[in-house]
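> need a 3D model of the following:
(chains A and B)
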Amino acid sequence: MNEHNDETTKETGGSDIATDGGTDRDVVELPDQVELPRMLDFYELQTEETTQISEFYDNLADGQLTTTRCTECDELHFPPRIVCPECHSDELEYVDLPHEGELFAFSTVRAGAPMGMEDEVPFVLGIVDLGPVKLSAHLDDAEYDDLEIGDPVEMKVVEIDGPVDHERVFYRFEPQE
Amino acid sequence: MTRNVGIVGGGHTKWGVREASYKDLIQEAGKAAFEDVSDVTPDDIEGLFVGSVQPERFAFQTHVAPMVAELLGIDVDSMIARTELACASGQAALRYAWLAIAAGQIDTALVLGVEKMNLPRQYDAEAQTSMANVMDREFDGVNGFNAPPYFAMIAQRHMHEYDTTREQLALVAAKNKTHAANNAFAQFQKEVSVDDVVESFPLSPPLCLYDCSGVTDGAAGLILMSEEKAREVTDEVAWVTGSGQTCLASNSINNLPSFSAWPQATKAAEQAYEQAGIDDPLKELDVAEVHDCFSISEIVEYEDLGWVEKGEGGKFIEEGRSELDGDIAVNPRGGLLGCGHPLGATGVSQALEVFNQFRGTVEPERQVPDPETGLIHNLSGSASVHSVMTLARGRP
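Numbering: from 1, shown residues only, chains lettered A, B, ... in the order given. Presented below is the predicted three-dimensional model:
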């Protein structure tokens, strides 16, 4: 990034400036590109300093997909919560979710991906039915044309390498062998 | 105790990839709206409601309602706000203006919807980021769930459960894009056949490129008045007869009630029909502007707005019942598929279309014969919210 700025400075610096209106105008320098800022990174911050569902992410880092269940009314939630939307109790516990499920629906993204995902195009997305919950998922090692509704899929944990200084993880799914 | 409220004027910018800024679009639409009804001036406006979804990302600007007030010379002395409800932001602005007037808080409001989505640096990923973030970003958007793959899954489920066909989807796109070819402000001006649709780029199968609405710059404005004030300025009024809106405590994938039906649309429509005294919408509605963000959406809406049995939406288009001379003329404007979808402006433009159909001021090729009643519908986000408004040419 800085290298690029230096080049720009060289190109527009020195005597070239005199041709731009014929005056000695000061130059306000902006970078040609900005690095992907944290706010444009889709993944949530995952530590206990930044989110009260950090236990979900800790469990996932340990290899287990979990979610919250209300100990008052027994309602199971996904995504995980800190307050039960059914009874508003905050007495919630983390319970394990299955790692295997069925493909409920799927499609593929062949163009028009959001920022930070362009390099993965084309990629396959699906809605995975785990039984207790349905969740959306990125499907790795899957070809759209090979898939059918009801296909068995399984979860894997991926590490997220991005512009924050703590280790982050997320889940993806892939077709079962 | 509510009062009758009507649309007395409105105006539009050209929609598309515009060589214009966010502020340019506001000024163009505002000028057009005020020029449409000469006896209303900015001095008459007591409430200003601006529908706009992501100016923070698209235009690097927030607090946009006061910007509209300044650009159009409006001293707002009662109510001013921007509404954000993703793709239904324009109808949300319209709904709040209607409520404020119906409740007697104000007599005259300007509703302006605006979105600048094509950035000068043509960075499509930035627009797509905004669309993915209308889903639950932490658990759904994060996977790359923006609109095309999500609605592709709705199409897949609808085809799976009800045997809806790829050709039936294409019929919707061909109908709406062909209407748009006769609409001077529409983004897409080319007549399109069923073959063109199914042979277009398979963006997110089963949806092809022509099954998808565009990335669009555009704005539209409407002036609303209480009945008492409206009668002082014009004889041509589109009266708001009903307005409903529903969200079923759900937004993220796991909590949505269905991926092939929108019960929220049914409930919102029932609210509006009841207020409007509509018993049989198929017989009583003449024109409808529904949210065809993707071709499948319009088919689900035929069903869930209560016009046809569940699962029969594909047949509804196949039998020509949504054509200009059908049971209900659906999307004579060209819909989102043909006009494009500048998010905050769409609902405003739909209501203006119904008003113009009542007045007989649209291009003759897409004029519905003597419509007396109309409906606008928007879904938003993961289709978790549905908004419906009914309009009539005759006073309620």
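> drop to CA atoms for contacts and neighbour counts, all remaining ones
Noted.
> quick one: is stretch B:250-257 near chain A?
Yes: judged by Cα under 8 Å from any Cα of the partner chain, stretch B:250-257 comes into contact with chain A at B:252, B:253, B:254, B:255.
> point out the residues in chain A that sit beside chain B.
Going by Cα under 8 Å from any Cα, the residues of chain A near chain B are A:42-44, A:78-79, A:105-115, A:117-118, A:125, A:127, A:133-138.
> from what I can see residue A:139 touches residue A:173, true?
Yes: the criterion here is Cα atoms under 8 Å, and residue A:139 meets it with residue A:173 at 4.9 Å.
> just say helix, strand or coil for residue A:164.
coil (DSSP: H, G, I helix; E, B strand; the rest coil).
> and if you look at the one 5 residues further on?
At residue A:169, secondary structure determined by three-state DSSP is strand.
> quick check, it in contact with residue A:60.
Yes: if you go by Cα under 8 Å, residue A:169 and residue A:60 touch, sitting 7.0 Å apart.
> find residues that contact each of these two.
residue A:157 (Cα atoms under 8 Å, 6 or more residues apart in numbering or on different chains).
> circling back to that earlier point, select only the buried ones of the residues of chain A next to chain B in PyMOL?
Selection command for PyMOL covering only the buried members of those, criterion 16 or more other Cα atoms under 10 Å in any protein chain shown:
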select buried, chain A and resi 42+43+44+78+79+105+106+107+108+109+110+111+112+113+114+115+117+118+125+127+133+134+135+136+137+138
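> who in the stretch 101-250 of chain B is up against chain A?
Residues of the stretch 101-250 of chain B found near chain A (Cα under 8 Å from any Cα) are B:124-130, B:132, B:137-146, B:148-150, B:152-153, B:156-157, B:202-206.
> rewinding a little: can you flag which of the residues of chain A next to chain B belong to helices?
For these, membership in helices holds for none, with DSSP state H as the criterion.
> just the closest residue of chain A to chain B, please.
With Cα to the nearest Cα, the shortest gap between chain A and chain B falls at residue A:114, namely 4.2 Å.
> only the buried residues of the helix or strand hosting residue B:232, if you could.
Residue B:232 belongs to helix B:227-233 when assigned by DSSP states H and E. By neighbour count with 16+ other Cα under 10 Å, helix B:227-233 contains the buried residues B:227, B:229, B:230, B:233.
> ok, the residue positioned nearest the centre of chain A to residue A:119 distance?
Nearest to the mean C-alpha position of chain A, by Cα atoms, centre = their mean, lies residue A:43 at 3.8 Å. Note on residue A:43: its distance to residue A:119, by Cα to Cα, to the nearest Å, is 17 Å.
> and what of residue A:97?
Remark: distance between residue A:97 and residue A:119 (Cα to Cα) = 30 Å.
> ok, residue 111 - contacts?
Going with chain A. Residues in contact with residue A:111 (Cα under 8 Å, 6+ apart) are A:121, A:122, B:203.
> correction: the question concerned chain B.
Contacts of residue B:111 by Cα under 8 Å, 6+ apart are B:48, B:49, B:50, B:51, B:93, B:94, B:97, B:221, B:222, B:223, B:224, B:348.
> now the strands for the chain?
In the absence of a named chain, chain A is used. Remark: strands assigned in chain A by DSSP state E are A:66-70, A:92-96, A:100-109, A:123-129, A:134-139, A:152-160, A:168-175.
> oops, chain B please
B:5-12, B:47-51, B:79-83, B:108-115, B:218-226, B:238-247, B:287-289, B:329-330, B:373-380, B:385-392.
> how about JSON lines for these, with mean pLDDT added?
Output for the strands of chain B, formatted as JSON lines (pLDDT from 0 to 100):
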{"stretch": "strand B:5-12", "mean pLDDT": "98"}
{"stretch": "strand B:47-51", "mean pLDDT": "98"}
{"stretch": "strand B:79-83", "mean pLDDT": "98"}
{"stretch": "strand B:108-115", "mean pLDDT": "98"}
{"stretch": "strand B:218-226", "mean pLDDT": "98"}
{"stretch": "strand B:238-247", "mean pLDDT": "98"}
{"stretch": "strand B:287-289", "mean pLDDT": "98"}
{"stretch": "strand B:329-330", "mean pLDDT": "98"}
{"stretch": "strand B:373-380", "mean pLDDT": "98"}
{"stretch": "strand B:385-392", "mean pLDDT": "98"}
